[in-house]
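Colleague: here are the coordinates; sequence isn't available:
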């Protein structure tokens, strides 16, 4: 355990050494605080209030093990088996994409544009952990919400998250995009939302950071990263109610291309929105009746 603080080290000392222990992390201090909070079963507020606290022998061994795995690049979410999204603690496994904070801007957009709708029918395509569907369910208890994923393990995980959050009314089922939507009960949506794969094959970011530990099928979509968005946009026209909306997340430099895809399939009122870093992160379009 050379290089690690002694067992007698305080929370403050661990935090001070975070940059040295986790040099490859984009946020070493935050990572260390999250790990400390986990092994101590305490909030981050506790860490700031009682910085002189020392770890027990068991807690020390657990933290050292976590830090060693993080040094190898393993995501914090996989180390702890959970990730918070929209203030909801979600179980996370290597079978799904780790929910990102920037995806929360989709929930904010829906709140802004659909808050007056009392009975929306919504589906989250490629739901993964169920993050988007469950966040919407927490905000709109009267809505009819569902989520689908082609990976059975992801569907099972989404069910588990729904149950632990008391949101079991959300219907999760297995489907590759719209493949299982032949049943009319799963058609005519007011909102179709998705965070699909949108990274181009061979993109250098695929061998950097947390994405190295995530399923490639949840990240890449063809040479330009837009193959799945093309499929979703084309097929969505058969499942959107009149004035229904398609809302998808995409890469920071793909807004213009996605807008063109949306317009080409016949969506109207097309526009894009930004993430917390000011990058174009999502695009929306509406299924409106064409005047003759």
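Modeller: Arrived safely, thanks for sending. Since the structure is predicted, the reported quantities are computational estimates derived from the model, not experimental observations. Residues are numbered from 1 along each chain as shown.
Colleague: partners of the helix or strand where residue 83 lies, with directions?
Modeller: Using DSSP states H and E, residue 83 sits in strand 82-85. Here strand 82-85 has these sheet partners by DSSP bridges: strand 88-91 (antiparallel).
Colleague: okay, buried residues for the partner strand please.
Modeller: Across strand 88-91, burial judged by 16 or more other C-beta atoms under 10 Å covers 88, 90-91. (C-beta placed from N, C-alpha, C; glycine too.)
Colleague: tell me the domain ranges of this structure?
Modeller: By the assignment in automatic domain parsing, the chain contains the domains 11-73, 82-287.
Colleague: which one of these lies closest to residue 3?
Modeller: If you check each of those against residue 3 by C-beta to C-beta, domain 11-73 wins as the nearest, at 7.3 Å.
Colleague: nearest to residue 79 among the buried residues of strand 88-91?
Modeller: Residue 79 lies nearest to residue 91 out of those, by C-beta to C-beta, at 13.2 Å.
Colleague: hey, what's that closest one bridged with?
Modeller: Per DSSP bridges, the residues bridged to residue 91 are residue 82.
Colleague: just list the residues touching it, thanks.
Modeller: Counting by C-beta atoms under 8 Å, 6 or more residues apart in numbering, residue 91 touches 81-82, 129, 157, 160-161, 164.
Colleague: ok, now with 6 Å
Modeller: 82, 160-161 (C-beta atoms under 6 Å, 6 or more residues apart in numbering).
Colleague: again, but for residue 133
Modeller: Applying C-beta under 6 Å, 6+ apart, the residues contacting residue 133 are 124, 127, 145, 147, 170.
Colleague: can you count the residues close to the residue nearest to residue 37 when sequence neighbours are not counted?
Modeller: Distances taken as C-beta to C-beta, 6 or more residues apart in numbering place residue 44 nearest to residue 37, at 5.6 Å, with adjacent residues excluded. Counted with other C-beta atoms under 10 Å, the neighbours of residue 44 add up to 12.
Colleague: can you lay out the buried residues of strand 88-91 as CSV showing pLDDT?
Modeller: What follows is those, written out as CSV (pLDDT from 0 to 100):
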residue, pLDDT
88, 95
90, 96
91, 95
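Colleague: closest one of those residues to residue 61?
Modeller: Of the buried residues of strand 88-91, the one sitting nearest to residue 61 (C-beta to C-beta) turns out to be residue 91, at 24.3 Å.
Colleague: about what we covered before: quick check: the farthest pair among the contacts of residue 133?
Modeller: Going by C-beta to C-beta, the pair spanning these furthest: 127 and 145, at 10.1 Å.
Colleague: rewinding a little: out of the domains of the chain, deepest packed?
Modeller: Of all the domains of the chain, domain 82-287 has the most neighbours on average by mean count of other C-beta atoms under 10 Å, namely a mean of 18.
Colleague: contacting residues around the residue positioned nearest the centre of the chain?
Modeller: Nearest to the mean C-alpha position of the chain, by C-alpha atoms, centre = their mean, lies residue 99 at 2.4 Å. Listed by C-beta under 6 Å, 6+ apart, the contact set of residue 99 reads 83, 85, 129, 131.
Colleague: these two touch, right, the second one and residue 129?
Modeller: No. Taking C-beta atoms under 6 Å as the contact criterion, residue 85 and residue 129 are not neighbours in contact, 7.6 Å apart.
Colleague: what residues does the helix or strand hosting residue 113 touch?
Modeller: Applying DSSP H and E as the criterion places residue 113 in helix 104-114. For helix 104-114, the surrounding residues in contact (C-beta under 6 Å, 6+ apart) are 86, 135, 273, 275, 281-282.
Colleague: so after it, what's the next helix or strand?
Modeller: Downstream of helix 104-114, the first helix or strand assigned by DSSP H and E is strand 121-125.
Colleague: neighbouring strands - and their directions - for that next one?
Modeller: Paired strands of strand 121-125, with direction, are strand 144-149 (parallel), strand 189-194 (parallel) (DSSP bridges).
Colleague: make JSON lines from those strands and add mean pLDDT and distance to residue 267 to it.
Modeller: What follows is the strands paired with strand 121-125, written out as JSON lines (pLDDT from 0 to 100; distance: least, C-beta to C-beta, whole Å):
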{"stretch": "strand 144-149", "mean pLDDT": "95", "distance to residue 267": "21"}
{"stretch": "strand 189-194", "mean pLDDT": "96", "distance to residue 267": "11"}
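Colleague: low-confidence stretches in this structure?
Modeller: Across the chain, the ranges flagged by pLDDT under 70 are 1-2, 182-187, 199-222, 290-292.
Colleague: the helices in this structure, which residues?
Modeller: Using DSSP state H, the helices found in the chain span residues 11-16, 18-21, 28-40, 44-49, 57-71, 76-80, 104-114, 131-139, 152-164, 227-236, 255-265.
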